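Q: Sequence first, then the predicted structure, then my questions.
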Amino acid sequence: MKPSIVIVGLGNPGASYGRTRHNAGFKAVDLLRESFGEGEWKDAQKFLSQTCEARIVTAPVLLVKPQTYMNRSGEAVRKLVDFYKLDPAHQLLVLCDDIDLPLGEIRYRDKGGPGTHNGLKSIVECLGEVFPRLRVGIGAQPAGEDLATWVLSVPSKEEEQTLQESLTTIPERVREVVLA
């Protein structure tokens, strides 16, 4: 299947990272698999990722979780773009966490810089800034706290509930983007 769009959720592989704030992109793409997926996650070594075929209405979609760790996400995305000959501006959507958005806020941008996000920095280095992204707010780190420590921490129960509630809107938001 040649996908009409590739949707990449950013995160870090492994159980130790599963519940961290930085894995909001993985959590979002897992919800897309539940809503639109046509099977389970499969290891796709040639893309350095786990992939799952999906369909949003009539659009064939490839859901992706890079297994390169966040700082090298661009390597996996570049392999996908090259293999499928994608136009990143129209055939790629990246889902990721964002410390510059309040907890639970979701914002769509069709292009832009990476800010402080190392996964987006890696993708921008490989593709440039013109690719759409849905950013999931995880809130700013508390004053004096190291950024890496903050994004790799596990949210409190209350924060996790707020995050999960906002993530449940992702399938409909993505459907709107894909069908636009």
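A: That came through, no problem.
Q: And the residue of the chain most remote from its centre, what's its pLDDT?
A: Taking CA atoms, centre = their mean, the residue of the chain most remote from its mean C-alpha position is G144, at 27.3 Å. In this prediction, G144 carries a pLDDT score of 90.
Q: again with W150
A: Model confidence at W150, given as pLDDT, is 89.
Q: Over to the closest residue to it other than its chain neighbours: give its phi and psi.
A: Of all residues beyond its chain neighbours, the one nearest W150 is Q141 (3.4 Å), with distances taken as CB to CB, 6 or more residues apart in numbering. Heads up, the C-betas are built off the backbone N, CA and C, glycines and all. Dihedral angles of Q141 (phi, psi; degrees, to the nearest 10) stand at phi -70, psi 150.
Q: Give the burial count for Q141, as a bare number.
A: When neighbours are defined as other CB atoms under 10 Å, Q141 has 16 of them.
Q: quick one on the thing from earlier: how is the residue farthest from the centre of the chain assigned, secondary-structure-wise?
A: coil (DSSP: H, G, I helix; E, B strand; the rest coil).
Q: sorry, back to before: for N71, see how far away the residue nearest to W150 is.
A: 18 Å (CB to CB, to the nearest Å).
Q: show me where this protein has strands.
A: Along the chain, the segments classed as strands by DSSP state E run 5-9, 42-44, 49-56, 59-66, 92-98, 106-109, 133-137.
Q: Contact partners for R21?
A: R21 makes contacts with 97, 138, 150-155, 163, as judged by CB atoms under 8 Å, 6 or more residues apart in numbering.
Q: 10 Å instead, please
A: 97, 99, 103, 136-139, 141, 150-155, 159-160, 163 (CB atoms under 10 Å, 6 or more residues apart in numbering).
Q: Name only those of those residues that count as buried.
A: Using 16 or more other CB atoms under 10 Å as the burial test, the contacts of R21 include 97, 99, 103, 136-139, 141, 150-153, 155, 159, 163 as buried.
Q: which ones are touching the nearest residue to L103 once chain neighbours are set aside?
A: Nearest residue to L103, sequence neighbours excluded (CB to CB, 6+ apart): G139, at 4.0 Å. When contacts are counted by CB under 10 Å, 6+ apart, G139 touches 21, 97-105, 150, 155, 159, 162-163.
Q: Go ahead and confirm L32 touches A54.
A: Yes: in this structure, L32 is within contact of A54 by CB atoms under 10 Å, at 6.6 Å.
Q: Need the overlap of contacts for the two.
A: Residues touching both L32 and A54 by CB under 10 Å, 6+ apart: 7, 61, 63, 174.
Q: Taking those residues together, which two end up most distant?
A: L63 and V174 (9.8 Å; CB to CB).
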